[in-house]
Every structure is written in C-alpha cells, then in structure tokens.
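Asker: below are the sequence and a predicted model; questions follow.
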Amino acid sequence: MLRTTIAGSLPKPAWLADPRFQLFAPWVVPPDRLREAQDDAVRLALADQEEAGIDIVTDEEQRRRHYIWGFLEGLRGSTLGRRYVREQAVARVVAEVTRLEPVMVEALAFAKAHTRRPAKVTLPGPMTIVDSVLDEYYRGDEKSLAMRFAALLNRKARDLAAAGADVIQFDEPCFNIYLDKVRAWGIEALEVALEGRCCTTAIHICYSYGIPRVQYALTLPLLAKTRVHQVSVECAASGVDAAVLAEARHKDVLLGVIDVGTEEVESPDLVAERISKALAYVAAERLFPCPDCELVPRSRPSARRKLKALVEGARLVRGQLEAAKR
Ligand code: ZN
C-alpha cells in the first residue's frame, strides 16, 4: 500500500538540455551524440528514482523536448521533426496522420533493461493533443480530430503494453480547462485511447489554478465511469478538499502530495499529513503518493530531495497504519 510513483517528467541535466528553458529546451549535445547522451540521462534518472525509493519509475521523459511533441514526432502527417524549432507555438497537421516510428517502444525497452522496478510510460491525451495542434488537413471538428488521435494513441498504448509497460498514463491538462468539451467528447476520446486489453492505465489531470475550485468535482465522477484504472490529481499546491477524492474511490488515486511550483522541499511530516487527509476517502491500497505534476521547473537537487521526502512521507504513514492494525 501507498506505493510511490512519478506524475510526469523530471528536470534534465544541463549537459543534455539548456536549463534556461522549461519548455522546448534545446538539446546542447550535437545530433550525432544525442542518443548516447539521452541513454545516459535515462540511466541517471532511473538511478535517482531508485535511490529515492520510488516504487513505479519512468524514464522521466529525458528523450522528449516536450511531453506532447514526443508523441507527435513519431507520427507522419504532423510538421514536427526538423521544422518544429521555428514553430514552437503550434504543430500543424498537414497530411493524413499515421503512426510511424517505434521510438517510444525502443525507449521503454531501454528503461526496462536498466531497472527492475515497474515502469510507467506517459502519453499526451487526445484532448490535449487537439488543443496543441493546428489542423490544416482534415479541417473537421475537434471531436473527429480527437478520435483520430485517440485511435493512434490506442495503437501506441497496445504496442507499449506488449513491450512490457507496467503503467501507461495519459496526460490531459486540458481536462480542467474545457469542462464542456470533456463532457461533449473528451471522455469518449479517452475511452477510445483505452480500448482493448492493455496494462494498467492512468490519466493525469492538472489543476487549473486560479479558476474556481470545482473542476475535480466535475471531472472525477465522469472519469469514475471510464475504464481507466488510475486517476492522478494535484492535491498539494491546490489545497483542494480531499473529500472530492471520494468520487474516485473505486479507482487507484495517484495523489499529488509534492508541490512542483516551489524549490522548497516538503518535510516528510507534511507529506504524511497530506496523504493522511486522503486516507479518509480512499483506501491505502488504492492510494499512490506522487508529485502534483511534472517536476521539470525545479532544479535537479530540489527535485531529488522532493522525491526522497515523498518516499519518507509515505513510509511514515505506512508505519502508522501498520501500528494501528496491531
Ligand atoms: Zn499536472
């Protein structure tokens, strides 16, 4: 119970990508040495997570410049690849979108060869992809474009599951922005992405800071009816009332207990307190403590220490629960 995991990516080493950029940080390694450098960064990322004691690990997206574009780069029909440096704001869909390269499967194989822990792979969700591309080819509505991407994501998820992914997580930050679209087609698109026999599946939904605090109350009941196994929510920085988690109690809840917006490292006691609040609504077996969101904005020392605090906080609560049983 209370196994720990990662919600998103972690900061890259400065020798791999320019740390002055949080989004689309340029590689600082020449192209002919990039693959080797990324391999080394993944090895370090796995070692950092294992050293901290994280139970379900990821390659921390060390090979991607951006969490959406990592998926789009492998597709024929989008303008990513070499041209995207000058088109950072938006990727354009200019031809039939088809699956292309097995890049992510190869990346998973590498990660699995370098850790014995269960491995998670993250993919952008269909709604978030639609929100970040400019459709110049299909010229249809957003829903049909989302369904196209959902079908591609589903094939990718099946490939990754067949290649040994233990968890596949879809990131849908847009689920808390366009609540009407979530109801209209976002959930349906997600279900298409999740179809068929797969491994454990998760969805991460960000918290929209500054917007009235009703989002999880609307999205969690909808997600509770889907086939997704795990729901990842941000509960540290948002200060959201843990009572809303009752809506997701029949799913695994990936509980954000680490604030990714500050360098300051939480004490294990504070982490334990955040976990304990959620325990009133979700069983310990279903609760997976993790950072709120991606730790990319943080320095590497802060990110590492936050992972340690996460693990120590979970351990404290586990100890309390075991003592209470005796
Ligand atoms: Zn998030």
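Answerer: Received it, and whenever you're ready, just let me know what you need.

Asker: just checking, F24 touches R65?
Answerer: Yes - F24 is in contact with R65 according to C-beta atoms under 8 Å; the separation is 5.2 Å. Where you see a C-beta, it was placed from the backbone N, CA and C, and this is true even at glycine.

Asker: neighbour count winner among these two?
Answerer: The residue with more neighbours, out of F24 and R65, is R65; 21 against 14, by other C-beta atoms under 10 Å.

Asker: burial of the residue in the stretch 101-250 of the chain positioned nearest to the ion, as a residue count?
Answerer: When scored by C-beta to the ion, the stretch 101-250 of the chain has C206 as its residue closest to the ion, at 3.2 Å. Each residue near C206 was counted by other C-beta under 10 Å, and the total is 24.

Asker: pLDDT score for it?
Answerer: For C206, the pLDDT comes out at 90.

Asker: where is the longest helix in the chain?
Answerer: For the chain, the helix that runs over the most residues, judged by DSSP state H, is helix 300-325.

Asker: so how far is that helix from its chain's centroid?
Answerer: 20 Å (C-alpha atoms, centre = their mean, to the nearest Å).

Asker: buried residues, it. List them.
Answerer: Of all the residues in helix 300-325, those buried under the rule 16 or more other C-beta atoms under 10 Å are 300, 302-318.

Asker: swap in stretch 128-141?
Answerer: Those would be T128, I129, V130, D131, S132, V133, D135, for stretch 128-141 by 16+ other C-beta under 10 Å.

Asker: so which of these comes closest to P268?
Answerer: T128 (32.7 Å; C-beta to C-beta).

Asker: part of a helix, is the closest one?
Answerer: Yes - assessed with DSSP: H, G, I helix; E, B strand; the rest coil, T128 lies in a helix.

Asker: do you know the pLDDT at the closest residue in space to it that isn't next to it in sequence?
Answerer: Spatially, and ignoring its direct neighbours in sequence, T128 is nearest to C174 (4.6 Å; C-beta to C-beta, 6 or more residues apart in numbering). pLDDT recorded at C174 is 87.

Asker: how close does C174 sit to G239?
Answerer: 22 Å (C-beta to C-beta, to the nearest Å).

Asker: now R3
Answerer: With C-beta to C-beta as the criterion, R3 and G239 are 24 Å apart.

Asker: so those two - more neighbours on which side?
Answerer: It is R3, of R3 and G239, that has more neighbours when counted by other C-beta under 10 Å, with 17 against 12.

Asker: list the residues that contact the more buried one.
Answerer: Contact analysis of R3 by C-beta atoms under 8 Å, 6 or more residues apart in numbering lists D55, I56, F288, A314.

Asker: among those residues, which lie within helices?
Answerer: Per DSSP H, those map to helices at A314.

Asker: apart from its neighbours in sequence, what residue is nearest A237?
Answerer: Here the residue nearest A237, using C-beta to C-beta, 6+ apart, is D259, at 4.3 Å.

Asker: what is the helix or strand hosting L218 packed up against?
Answerer: According to DSSP states H and E, L218 maps onto helix 215-224. In terms of contacts (3 or more C-beta pairs under 8 Å, 6 or more residues apart in numbering; DSSP states H and E), helix 215-224 is packed against helix 179-181, strand 200-205, strand 230-234.

Asker: now the angle from the strand or helix carrying A189 to helix 215-224?
Answerer: Assigned by DSSP H and E, A189 falls within helix 187-194. Interaxial angle, helix 187-194 versus helix 215-224 (axes from the mean of the first three to the mean of the last three C-alpha atoms, to 10 degrees): 50 degrees.

Asker: so which elements touch helix 187-194?
Answerer: Against helix 187-194 (3+ C-beta pairs under 8 Å, 6+ apart) you get helix 126-132, helix 142-162, strand 167-171.

Asker: tilt between it and strand 167-171?
Answerer: Going by the same axes, to 10 degrees, helix 187-194 makes 150 degrees with strand 167-171.

Asker: okay, buried residues for helix 187-194 please.
Answerer: Those would be I187, E188, A189, L190, E191, V192, A193, L194, for helix 187-194 by 16+ other C-beta under 10 Å.

Asker: export these to a markdown table and tack on distance to the ion and pLDDT?
Answerer: What follows is the buried residues of helix 187-194, written out as a markdown table (distance: C-beta to the ion, whole Å; pLDDT from 0 to 100):
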| residue | distance to the ion | pLDDT |
| --- | --- | --- |
| I187 | 18 | 96 |
| E188 | 22 | 96 |
| A189 | 19 | 97 |
| L190 | 16 | 96 |
| E191 | 21 | 96 |
| V192 | 22 | 96 |
| A193 | 18 | 95 |
| L194 | 19 | 95 |
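
Asker: ok, those vs E263, which is closest?
Answerer: L190 (33.6 Å).

Asker: quick one: contacts for the closest one?
Answerer: G125, P126, M127, A150, F170, E172, I203, T226, V228.

Asker: most neighbours among the residues you listed, please name it.
Answerer: P126 (31 neighbours).
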